[in-house]
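>>> quick one, what's the 3D model for this:
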Amino acid sequence: MTAVAPRLRALLCLGVALLLLLPAGAVFAHALLRKSEPAQRAVLSRPPAQVRLWFNERLEAAFSELSVRDAGGKAVTDEPASVPDEDPKRLELALPSLRPGTYTVRYKVLSVDGHTVKASFKFTVKGP
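Here you go, the predicted model:
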């Protein structure tokens, strides 16, 4: 039985060493927002026709959501967001013509690794 303990200890040490060699992204993978149009905290002279978000991982389209809300918290459109076939890392939402004001973009995405990310940011449309 004493011969088993050193082998078990060696296997345990090997397992820990292998975990330490994995890149952090492989252990803690989540869909991270890489770019947005409009950009976070943008002040725009014209209202955007759409919101587009790019992530570092492919998204599960059926479980990804995007909304834009006005200063009162009301959604500006009932249209669903989509993940285009040509870019599975992008989430987009067409917008109606927006009035001047501050808007909040809210998103919730499920990446193919199975992790859900939920966040928001604001942008402003200036008056004439």
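>>> all helices of this protein, in order?
4-21, 24-27 (DSSP state H).
>>> weakest of the ones you listed in terms of mean pLDDT?
Among these, helix 24-27 has the lowest mean pLDDT, at a mean of 43.
>>> burial count for residue 42?
Neighbour count of residue 42, defined by other CB atoms under 10 Å: 14. Backbone N, C-alpha and C define where each C-beta goes, glycine included.
>>> what residues does the nearest residue to residue 97 once chain neighbours are set aside make contact with?
Among residues not flanking residue 97 along the chain, residue 47 sits closest, at 5.9 Å (CB to CB, 6 or more residues apart in numbering). Residues in contact with residue 47, defined by CB atoms under 8 Å, 6 or more residues apart in numbering, are 95, 97, 98, 99, 125.
>>> which ones among the residues you listed map onto strands?
Of the contacts of residue 47, the ones assigned to strands by DSSP state E are residue 125.
>>> dump the contacts of residue 47 into a markdown table; add distance to residue 113 and pLDDT as well.
What follows is those, written out as a markdown table (distance: CB to CB, whole Å; pLDDT from 0 to 100):
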| residue | distance to residue 113 | pLDDT |
| --- | --- | --- |
| 95 | 29 | 98 |
| 97 | 37 | 95 |
| 98 | 34 | 97 |
| 99 | 39 | 96 |
| 125 | 35 | 98 |
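>>> can you flag the buried ones in the contacts of residue 47?
Buried subset of the contacts of residue 47 (neighbour count, 16 or more other CB atoms under 10 Å): 98, 125.
>>> which two among the contacts of residue 47 are spaced furthest apart?
95 and 99 (11.5 Å; CB to CB).
>>> beta partners for the nearest residue to residue 91 once chain neighbours are set aside?
Leaving aside its sequence neighbours, residue 91 sits nearest to residue 53 (CB to CB, 6+ apart; 4.7 Å). On DSSP bridges, the residues paired with residue 53 through beta bridges are residue 36, residue 91.
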